[in-house]
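Student: prediction below, plus the sequence it came from.
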Amino acid sequence: MTKSDTKTYPVQDSHAVDNSESIITAAREAMNIEIEGIKKVRDGLDLNFTRAVELIISTKGRVVVTGIGKSGLVGRKITATLASTGTPSIFLHPVEAMHGDLGMVTGEDIIIAISNSGETQELNALIPVFTTRGIPIIALTGARNSTLGRAAEAVINTGVAREACSLGLAPTASTTATLAVGDALAVILLKKHRFNERDFRRNHPSGTLGERLKIEVQNVMLTGADIPLLRPGDDMSRVLAEMDSKLLGAALVLDGDESLVGIITDGDLRRAIIRHQDLSGMTVEDIMTVNPKTISPLALAADALAVMERHLITVLPVVSDRGQLMGIVHLHNLLGKGQFSFIV
């Protein structure tokens, strides 16, 4: 072996290990503080949150989110989440608002104003403009009795006991908790608006997820020899062999005219073993699930995904209008292996 072929390996420094452990400990402590902050805000939710939802639902215009500094950055994210999940929203920078951008706010809109102290000068300068126009304000603040809190029709308390910053100065736990409140609002509004996967796809036409959800099931389903197939009367050795070879966690049971009569999943096998211990002498009819959930080959991937999410399953037989098997689709075929779980 020549000198150039010799590999060298760094020697582990015990001080570096100690330093690494202390860094991880400090990181976990920061996260714990942020978790505590979210829990405090969660437990403090009251009828003001309900009132905020009602105000947004009843508005004929848009949700205008405003804030400055770190609150402004959080506000931009909340705006984006609301807009992508069915609640029309825009972000208004308080300083730019005073220099003409107020023109984008109409009397039919509603304001979500974000300020931990409730005394942000640039933000509070807008309050008289909003109130004069009769535009309702929802405040996300840690100070109910602040200038912003007193002007709002609904005050969601986002105050936390302490910041994760060791100086107690940089907004950390408070911004995380505020962001969580924004996500909670978006989720509730999504449900209120009956926003579904098709709506989500329309708002994400160019993304990878959006592209996948536009595909028809027939374009991603497995067919032919890739389908794990069983027949009535097959014994357990045949069941195990077919499921093991196709690696989909399920096998489909067909009758003589190729119509689907049942499905056997990994879960069916586990439950059968628990009940009977010994599966010898049993056939597919003894453990299969009859009338399984199915999907049309012409349905969109979004529709198949919705069925899977609703019933907490990962495979769907694809059948024709007459009930004849056309293929099988797995969650991985819809979203990509290892890429996603369910949308919602």
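Tutor: Noted; the coordinates are in hand.
Student: quick check: which ranges of the stretch 101-250 of the chain have low pLDDT?
Tutor: The model of the stretch 101-250 of the chain has pLDDT under 70 over residues 168-169, 195-214.
Student: just the strands in it please.
Tutor: Taking DSSP state E, counting those that start in this stretch to define them, one finds strands in the stretch 101-250 of the chain at 110-114, 137-141, 154-157, 229-230, 250-254.
Student: show me what contacts the closest residue to Thr172 other than its chain neighbours?
Tutor: Distance criterion C-beta to C-beta, 6 or more residues apart in numbering; nearest residue to Thr172, sequence neighbours excluded, is Ala164 at 3.9 Å. From N, CA and C alone the C-beta is placed, and that goes for glycine too. By C-beta atoms under 8 Å, 6 or more residues apart in numbering, the contact list for Ala164 reads Glu29, Ala30, Met31, Ile33, Glu34, Thr172, Ala173.
Student: closest to Asp286 out of those?
Tutor: Set against Asp286, the nearest of the contacts of Ala164 by C-beta to C-beta is Met31 (49.6 Å).
Student: okay, now that closest one: neighbour count?
Tutor: By other C-beta atoms under 10 Å, 13 other residues sit near Met31.
Student: likewise the one 10 residues further on?
Tutor: The criterion is other C-beta under 10 Å. On that basis, Val41 has 24 neighbouring residues.
Student: wait, it sits on Ala173?
Tutor: No - counting by C-beta atoms under 8 Å, Val41 stays clear of Ala173, with 9.5 Å between them.
Student: separation between the residue nearest to Thr172 and Ile35?
Tutor: 10 Å (C-beta to C-beta, to the nearest Å).
Student: list the contacts of Val290.
Tutor: Val261, Gly262.
Student: what's opposite it in the beta bridge?
Tutor: Gly262 (DSSP bridges).
Student: make 59 the first number, not 1, from now on.
Tutor: Will do, 59 is the new start, and the previous item becomes Val348.
Student: about what we covered before: where do the contact lists of Val99 and Ala231 overlap?
Tutor: Val218.
Student: can you get me a residue count around Gly119?
Tutor: 14.
Student: tell me how far the spatially closest residue to Thr236 that is not a sequence neighbour lies from Glu112.
Tutor: Residue nearest to Thr236 in three dimensions, not counting chain neighbours: Thr216, with 4.5 Å by C-beta to C-beta, 6+ apart. Thr216 sits at a distance of 19 Å from Glu112 (criterion: C-beta to C-beta).
Student: then Leu312?
Tutor: As judged by C-beta to C-beta, Leu312 and Glu112 stand 52 Å apart.
Student: neighbour count: the two, which is higher?
Tutor: Each of Leu312 and Glu112 has its neighbours counted (other C-beta under 10 Å); Leu312 has more, 18 against 14.
Student: just the pLDDT at the more buried one, thanks.
Tutor: At Leu312, the model reports a pLDDT of 85.
Student: who touches it in this structure?
Tutor: Leu287, Leu288, Arg289, Leu318, Val319, Leu383.
Student: which residues touch stretch 206-219?
Tutor: In contact with stretch 206-219 (C-beta under 8 Å, 6+ apart) are residues 94-95, 98-99, 102-104, 106-107, 109-110, 113, 171, 173-174, 176-178, 181-182, 185, 188-189, 194-202, 231-232, 235-236, 239.
Student: could you do stretch 132-140 as well?
Tutor: 121, 123-125, 146-149, 170, 172, 233, 236-237, 240-241, 243-244, 247.
Student: buried ones among those?
Tutor: The neighbour count (16 or more other C-beta atoms under 10 Å) marks 121, 123-125, 147-149, 170, 172, 233, 236-237, 240, 243-244, 247 as buried among those.
Student: count of residues packed around Cys223?
Tutor: So Cys223, with other C-beta under 10 Å, has 14 neighbours.
Student: how close does it get to Ala84?
Tutor: For Cys223 relative to Ala84 (C-beta to C-beta), the value is 12 Å.
Student: what do you get for Leu237?
Tutor: Leu237 is 22 Å from Ala84, by C-beta to C-beta.
Student: isn't there a strand covering Ile148?
Tutor: Yes - counting by DSSP: H, G, I helix; E, B strand; the rest coil, Ile148 falls inside a strand.
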